[in-house]
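A.B. asks: I'll drop the sequence and a predicted model, then ask my questions.
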Amino acid sequence: FLAVVSTTWHSNDDDVYRAPPIDRSILPTAPRAAREPNIDRSRLPKSPPYTAFLGNLPYDVTEESIKDFFRGLNISAVRLPREPTNPERLKGFGYAEFEDIDSLFQALSLNEESLGNRRIRVDVADQAQDKGEGKRLPFA
């Protein structure tokens, strides 16, 4: 009888050793949490607009899906540029404007998160690029 108890206990012990793969399911959030403090606050704009550049967007993305992606943050506007030759087709990038600096900061922590089937890039929008959209000089 004692051997049976010991075997049962040993079997449960084996289950404990099998448990870690379940714990690994929490790991995908660890890199994001680890990255967040590394965002260089000096790169953030000192005054509005607080705009994030969004790259690698799915071509079927909508303003609503962007707002849903940033739910909980104070998002004030979304811009999704379209191809001039084909207004139905998005360019694959866009901008999200936030009402406050903290929302922009939190949005940056979502860099490399998945939206649709893509890992999107979230970065501080270059103010000059943001203002002069479409006015870049061609390469000589």
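C.D. replies: Ah, there it is.
A.B. asks: what does the helix or strand containing residue 51 contact?
C.D. replies: Here residue 51, judged by DSSP states H and E, is contained in strand 50-55. Residues from elsewhere that reach strand 50-55 (C-beta atoms under 8 Å, 6 or more residues apart in numbering): 44-45, 66, 92-101, 103-104, 107-108, 120-127, 129-130. (C-beta placed from N, C-alpha, C; glycine too.)
A.B. asks: what helix or strand is the nearest residue to residue 119 once chain neighbours are set aside on?
C.D. replies: Residue nearest to residue 119 in three dimensions, not counting chain neighbours: residue 112, with 5.1 Å by C-beta to C-beta, 6 or more residues apart in numbering. Counting by DSSP H and E, there is no helix or strand that carries residue 112.
A.B. asks: burial count for residue 112?
C.D. replies: Residue 112 sits with 13 neighbouring residues when counted by other C-beta atoms under 10 Å.
A.B. asks: cool, and residue 77?
C.D. replies: Neighbour tally, residue 77, other C-beta under 10 Å: 13.
A.B. asks: How about residue 102?
C.D. replies: Residue 102 has 13 neighbours, counted by other C-beta under 10 Å.
A.B. asks: Reduced to three states, what does it come out as?
C.D. replies: helix (DSSP: H, G, I helix; E, B strand; the rest coil).
A.B. asks: for residue 42, same thing?
C.D. replies: Under three-state DSSP, residue 42 comes out as helix.
A.B. asks: returning to that earlier point: phi, psi for the residue nearest to residue 119 please.
C.D. replies: phi 70, psi 0 (degrees, to the nearest 10).
A.B. asks: Distance check, it against residue 56.
C.D. replies: Distance check for residue 112 against residue 56: by C-beta to C-beta, to the nearest Å, it reads 9 Å.
A.B. asks: which neighbours do the two share?
C.D. replies: Both residue 112 and residue 56 are contacted by 119-121, under the criterion C-beta under 8 Å, 6+ apart.
A.B. asks: The residues you listed, buried ones only, as a ChimeraX selection?
C.D. replies: Restricted to buried positions by 16 or more other C-beta atoms under 10 Å, the ChimeraX selection for the shared contacts of residue 112 and residue 56 reads:
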select :120,121
